[in-house]
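K.L.:
any chance you could fold what I've pasted below:
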Amino acid sequence: MEIYLVRHGETESNKEKKYQGWMDSPLSAQGLVQAEKAALFLGGKKIEAVFCSDLKRALHTARVIGSSCGLVPEITPLLREINFGRWEGLTYEEIEAHWGNEVERWFDDPFKRSAPGGETIKQVCERMVSFLDGLLASNREYRRIAAVSHGGAIRALLQHVLRLDRDNFWNLKINNASISLVRREGEKFVIAYLNRINHLEEGEIMEEYPDGF
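P.N.:
Take a look at the predicted model:
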């Protein structure tokens, strides 16, 4: 099984550097272009199913990809972004002004701490692993699927697959409309490539396996 993990295209809130979480924000004009380029790349991969978060930015991106693959996206809240609680819709500077050092403590240990009213990274990871387990338990024998999700959620799943030290969580970069390929080999999953953005560049699509991550 191969799973193409796709982050949604750029949103208006991304442009304003706001924490989105479960808050909805539409794709920007650039985000729609990014979704179309991701769709062009995935359209040639013989994708058998497209799954996506139920948040509108992911659903919009998934519908563009689904159209290219001849598929209707299957929606699941398991692929949602981290719930940032009362921080949603605010910039880092606004959060820092209202919550002082609390945001820094969250960055120091997001696996155990959460934003007020939000989720820990541990909870997000459990959601994403539940999605993965559901695929393995399904009667449908998938060979290639696309899963459209969010930066924090994808990072949480990759951290689990790679078994990274938690201190390295923030070092995983996941760009808008980037694609990371997870492949099952035997009883484990491995990363074929991470945060691929070549397809977003102007002109022709470049090699599938870039030199650097």
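K.L.:
how about the strands in the protein?
P.N.:
Residue ranges of the strands in the chain, as given by DSSP state E, are 2-7, 49-52, 74-75, 144-149, 179-185, 188-196.
K.L.:
okay, those in CSV with mean pLDDT and distance to residue 16 next?
P.N.:
To be clear about C-beta, it is placed using only N, CA and C from the backbone, and glycine gets the same treatment. Shown next, in CSV, are the strands of the chain (pLDDT from 0 to 100; distance: least, C-beta to C-beta, whole Å):
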stretch, mean pLDDT, distance to residue 16
strand 2-7, 97, 17
strand 49-52, 98, 23
strand 74-75, 98, 26
strand 144-149, 98, 21
strand 179-185, 94, 25
strand 188-196, 92, 22
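K.L.:
out of those strands, deepest packed?
P.N.:
Stretch with highest mean neighbour count among the strands of the chain: strand 144-149 (a mean of 26; mean count of other C-beta atoms under 10 Å).
K.L.:
center of the chain, which residue is that?
P.N.:
Geometric centre of the chain, nearest residue: residue 150, 3.0 Å, by C-alpha atoms, centre = their mean.
K.L.:
for it, give me its contacts.
P.N.:
Residue 150 sits next to 7-8, 20, 53, 55, 58, 79-82 when contact means C-beta atoms under 8 Å, 6 or more residues apart in numbering.
K.L.:
in the chain, which helix or strand is least confident?
P.N.:
helix 102-108 (a mean of 86; mean pLDDT, DSSP states H and E).
K.L.:
closest one to residue 191 out of the contacts of residue 150, please.
P.N.:
residue 7 (15.0 Å; C-beta to C-beta).
K.L.:
does the closest one touch residue 157 like I think?
P.N.:
No - assessed by C-beta atoms under 8 Å, residue 7 is found out of contact with residue 157, at 11.6 Å.
K.L.:
how about the strands of the chain, which one is nearest residue 168?
P.N.:
Nearest to residue 168, of the strands of the chain and by C-beta to C-beta, is strand 188-196 at 12.6 Å.
K.L.:
the closest one: partners in the sheet, and parallel or antiparallel?
P.N.:
Strand 188-196 has its sheet partners listed here by DSSP bridges as strand 179-185 (antiparallel).
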